[in-house]
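*Asks:* curious how this folds, go ahead:
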Amino acid sequence: VVVVVVVCLLYLLLSFCFNISKYYSKEYCECGRRGALVSCLQSLTEEEMLLLFLSLFAGLKPLSAVSPAKHVVFVLVDDWGSYDAEYRQEELGREPQFKTPNINKFANEGIKLDSYYVQHICTPTRSALVSGRYQIHTGLQHDIIHNGQRSCLPTRFGTMGDAFQNLGFETHMIGKWHLGLYKDECLPWNRGYGTFYGYLTGSELHYTKLQRTPRGINATRKLYPDFRTESGPIQTECVTPPIPKPGVKHNYTQMPGFLETRALFHTDNLTIAQAKIFCDANTSCAAFSISTPSWADDIYPVKFFWDAHIAGQDNSTTAYLKFADPNDILDCYSTNVFTRQAVELIKTHDVSKRFFLYLAYQDVHEPVNVPSYYSDPYKASILDGTRQGYAGMVAVVDEGLGNLTAALTAKNMLDDTVLVVSNDNGGWHGYGGINYPYRGGKITLWEGGLRGLGFVYFSGGIQPKSRTSALIHVSDWLPTLIAAAGGDVTKMGPKLANLDGVNQWDVLVGVSNSSRNEILHNIDPLDSYHAALRVGDFKLLYGIPGLPYWCDICLKDICLAEFGVGNPRNVSRGGEVCYNSSQHSSTNNVGNNASPYLLYNISADPYESNDLSESLPDVLAKMIKRLEEYNETAVPCCFPAQDNDELNQVPLQGYWSTFHNQSDDPSCNV
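*Replies:* Residues are numbered from 1 along each chain as shown. Just a heads-up that it's a prediction; the model follows:
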């Protein structure tokens, strides 16, 4: 008996020491040093002592397995396809089409998220990320916030920025906001972010920072920049840059959508290659355009040549704008601009203070523009121009991540930083993004639109080369990252109460399993009512989920794509080719058209190729009931009409900003 007691006491002593040193990183907890255990125990809080006793006597690990992170950086990549990283392509058994060494490094040295979900489009993902709430609880369950709408993330909700400020962090946001701008209270620097550097709307031109929604009337009607800090507009030569002078080396950037022009001076029928030669030789030529978007350089003839990048619009054109020295293109490209600002914030940060950065890149959102420096390495392997440009955009993001982490390393901050990298929705069909092997893409509720590409790196507590299949949703990041920083969002007041997001920190550090078993993807009551819900292995779809295609890369010199307005088109090798049937199914099962419901076992059939709604009626009934329960908690949808009176005015200070009249729309009551 005495021997057993002694052995048990020794076990407890060693276990105490092991748990303290491993889980709480107490530097003086060294079993071999006299008095170390006593001093270590004296330093523990009551909560830590309780957790240690539980771990010893109940066989439980402590609830917090690592020391709190001192810094947190969240990188959001716009419209990044879940197939479009080198490590992902390798894991799918493919020869990698892209090179993403920095993304690979931090994904492999962190934890990969195998069942991670975002929303299907820009605003919904950003609202869930920033607020920790489902769309049905913020009134943003339909579409996106458009530039002329009196809508924003309701100000009665707190944000991730607010929560980090509550913990004493210095908080910064760089890049794309897209959560509303019509009144001062909606703006990021009034929503918990101490500094802001970026744009407020949903998209703009990568080089000039011009928002593509024209404003004003008559002579004032043109495109205006959206580029500012919390203190006001950013003045830079990147906004409406000068036309290259004769003899100055230059390049071209492609710009789908509105064309900024002053006067038409010539028309002709040329290929794009011929048009570049013509424009190079004519100093008056600042841009040329084609009347139909081009999928391959020589299919559609160039018809219009212009003498300046100024006013005017034509929504049916694709333009090629002349820019001066390629170095200027690199300097003005949005992802490089945002990375430089992030690096500068890190360089000047006082390391005695805690640091939170939300970096929302513009890439890889269309227009498919990128300096040729980044796309040229893909010329031999990717012949399709759209996919080639998209690959270059991914390369810029990868370089940005490398520069960002190098700055953290140089400042001795990286080891204390939780780094999260995520897309905001699936890749967009037609603009280069691929979500293979999943069905659908951006704006759809198929897996291709919702599956997140994400990973988390933290050398202070996340096991390298690890992965989790736990269900994780973008709304989980707010409570999760606050927990990683040692906080508890449930104690931060009513604005941050009753979140839909779940604290997943213990899952990421390997201490416990996830408590999340379901994700409400959305319930959209407007237009054609549609919804999606995941519970356990099963996913329910109601209504029209969106374009039902499976897309992959073209592996031949020419592929025939079915995707489009019912008309097949040729795709060059390396481009995106889409089909109406899946290689993973022996039948082309796209659902029972007689029923508004589709049911899939996502664990067994992540490709959504086998509808089970008829064969599993009991499961279907339970899923429908759960969806109805969610719907009972929904707030009214806020989607007001565009305010044309506002859009007919020149924006304040000549840059996109709050509306001249900041009154609320009476139709929104969330």
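*Asks:* C-alpha from now on. contacts and neighbour counts both.
*Replies:* Fine.
*Asks:* so where do the helices sit in the stretch 151-300 of the chain?
*Replies:* 160-166, 272-281 (DSSP state H, counting those that start in this stretch).
*Asks:* which strands and helices sit next to the shortest one?
*Replies:* Judged by 3 or more Cα pairs under 8 Å, 6 or more residues apart in numbering; DSSP states H and E, helix 160-166 is in contact with helix 122-131, strand 169-176, helix 477-484.
*Asks:* could you identify the longest helix within this structure?
*Replies:* Taking DSSP state H as the criterion, the chain has its longest helix at helix 385-410.
*Asks:* re the thing from before, least reliable of the helices of the stretch 151-300 of the chain by average pLDDT, please.
*Replies:* Lowest mean pLDDT within the helices of the stretch 151-300 of the chain: helix 272-281, at a mean of 82.
*Asks:* output it in CSV with nothing but the alpha carbons.
*Replies:* Only the C-alpha atoms of helix 272-281 are listed here, as CSV (Å, rounded to 0.1, in the frame of the first residue of the first chain):
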residue,chain,number,x,y,z
ILE,A,272,-5.4,42.7,-79.4
ALA,A,273,-1.8,42.0,-80.3
GLN,A,274,-2.1,44.3,-83.4
ALA,A,275,-3.8,46.9,-81.3
LYS,A,276,-1.0,47.1,-78.8
ILE,A,277,1.5,47.7,-81.6
PHE,A,278,-0.8,50.5,-83.0
CYS,A,279,-1.3,52.1,-79.6
ASP,A,280,2.5,51.9,-78.9
ALA,A,281,3.2,53.9,-82.1
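*Asks:* show me where the stretch 401-550 of the chain has strands.
*Replies:* Taking DSSP state E, counting those that start in this stretch as the criterion, the stretch 401-550 of the chain carries its strands at 417-423, 454-457, 466-468, 472-473, 518-524, 530-535, 538-542, 550-553.
*Asks:* wait, the stretch 251-400 of the chain
*Replies:* 251-256, 264-270, 287-290, 302-306, 318-323, 354-360.
*Asks:* then the shortest one to CSV, C-alphas only?
*Replies:* So the one you mean is strand 287-290. The C-alpha coordinates for strand 287-290 follow below in CSV (Å, rounded to 0.1, in the frame of the first residue of the first chain):
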residue,chain,number,x,y,z
ALA,A,287,-6.4,53.0,-74.3
PHE,A,288,-8.2,50.7,-76.6
SER,A,289,-11.3,48.6,-76.1
ILE,A,290,-13.3,45.7,-77.6
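*Asks:* tell me who's in contact with V351.
*Replies:* K411, M413 (Cα atoms under 8 Å, 6 or more residues apart in numbering).
*Asks:* tell me the spacing between it and H71.
*Replies:* Distance, V351 to H71, by Cα to Cα, to the nearest Å: 10 Å.
*Asks:* got it, and D557?
*Replies:* 48 Å.
*Asks:* these two - which one has more neighbours?
*Replies:* Set D557 next to H71 and count neighbours by other Cα atoms under 10 Å: H71 wins out with 23 against 14.
*Asks:* right, and that one touches R354 too?
*Replies:* Yes - H71 is within contact range of R354, at 5.5 Å (criterion: Cα atoms under 8 Å).
*Asks:* hey, what's in contact with both of these two?
*Replies:* Counting by Cα under 8 Å, 6+ apart, nothing touches both H71 and R354.
*Asks:* one step back: make JSON lines from the helices and strands packed on helix 160-166 and add mean pLDDT and distance to N269 to it.
*Replies:* Output for those, formatted as JSON lines (pLDDT from 0 to 100; distance: least, Cα to Cα, whole Å):
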{"stretch": "helix 122-131", "mean pLDDT": "98", "distance to N269": "38"}
{"stretch": "strand 169-176", "mean pLDDT": "98", "distance to N269": "38"}
{"stretch": "helix 477-484", "mean pLDDT": "98", "distance to N269": "52"}
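*Asks:* so which of the ones you listed comes closest to Y358?
*Replies:* With Cα to Cα as the criterion, Y358 lies closest to strand 169-176 of the helices and strands packed on helix 160-166, at 4.8 Å.
*Asks:* for P225, see how far away the residue most central in space within the chain is.
*Replies:* Nearest to the mean C-alpha position of the chain, by Cα atoms, centre = their mean, lies D424 at 2.7 Å. Note on D424: its distance to P225, by Cα to Cα, is 24 Å.
*Asks:* same thing with L555?
*Replies:* In terms of Cα to Cα, L555 sits 40 Å off from P225.
*Asks:* looking at those two now, which is surrounded by more residues?
*Replies:* P225 (22 against 14).
*Asks:* so what sits opposite that one in the bridge?
*Replies:* For P225, the beta-bridge partners are L210 (DSSP bridges).
*Asks:* okay but it is in contact with L652, surely?
*Replies:* No - between P225 and L652 there is no contact under Cα under 8 Å: 11.1 Å.
*Asks:* so what's D557 up against?
*Replies:* S572, R573.
*Asks:* go again using 10 Å as the cut-off
*Replies:* Neighbour list for D557: I382, L383, D384, N570, V571, S572, R573, G574, G575 [criterion: Cα atoms under 10 Å, 6 or more residues apart in numbering].
*Asks:* so what's it scoring on pLDDT?
*Replies:* 83.
*Asks:* distance of it relative to F98?
*Replies:* Counting by Cα to Cα, the gap from D557 to F98 is 18 Å.
*Asks:* now do A391
*Replies:* 6 Å.
*Asks:* overlap of the contact sets of the two?
*Replies:* D84, A85, P377, Y378, I382.
*Asks:* a markdown table please, covering those and showing neighbour count, pLDDT and distance to S115.
*Replies:* Output for those, formatted as a markdown table (neighbours: other Cα atoms under 10 Å; pLDDT from 0 to 100; distance: Cα to Cα, whole Å):
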| residue | neighbour count | pLDDT | distance to S115 |
| --- | --- | --- | --- |
| D84 | 25 | 98 | 17 |
| A85 | 23 | 98 | 17 |
| P377 | 16 | 95 | 32 |
| Y378 | 21 | 95 | 30 |
| I382 | 25 | 94 | 30 |
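*Asks:* just give me the neighbour total for S595.
*Replies:* Residues lying near S595 (other Cα under 10 Å) number 11.
*Asks:* hmm, back to that, common neighbours of P225 and L652, please.
*Replies:* In contact with both P225 and L652: P233, using Cα under 10 Å, 6+ apart.
*Asks:* the nearest residue to Q97 once chain neighbours are set aside and T417: what is the separation?
*Replies:* Distances taken as Cα to Cα, 6 or more residues apart in numbering place E86 nearest to Q97, at 7.0 Å, with adjacent residues excluded. According to Cα to Cα, E86 stands 24 Å off from T417.
*Asks:* quick one, phi psi at the residue nearest to T220 when sequence neighbours are not counted?
*Replies:* Leaving aside its sequence neighbours, T220 sits nearest to V650 (Cα to Cα, 6+ apart; 7.0 Å). Per-residue torsions, V650: phi -70, psi 130 (degrees, to the nearest 10).
*Asks:* ok, V650 to R221 distance?
*Replies:* 8 Å.
*Asks:* which one's more surrounded, these two?
*Replies:* Legend: neighbour count by other Cα under 10 Å for V650 and R221, higher for V650 (20 against 17).
*Asks:* was I right to think the more buried one contacts N218?
*Replies:* No - with contact defined as Cα atoms under 10 Å, V650 does not count as touching N218 (11.1 Å).
*Asks:* OK, contacts around the residue nearest to Q97?
*Replies:* Here E86 is in contact with R94, E95, P96, Q97, F98, K99, T100, P101, N102, I103, N104 (Cα under 10 Å, 6+ apart).
*Asks:* give me the average confidence score over stretch 604-621.
*Replies:* pLDDT averaged over stretch 604-621 gives 97.
*Asks:* what does stretch 536-544 give?
*Replies:* 97.
*Asks:* which of the residues in that stretch are buried?
*Replies:* Of the residues in stretch 536-544, F538, K539, L540, L541, Y542, I544 count as buried by neighbour count, 16 or more other Cα atoms under 10 Å.
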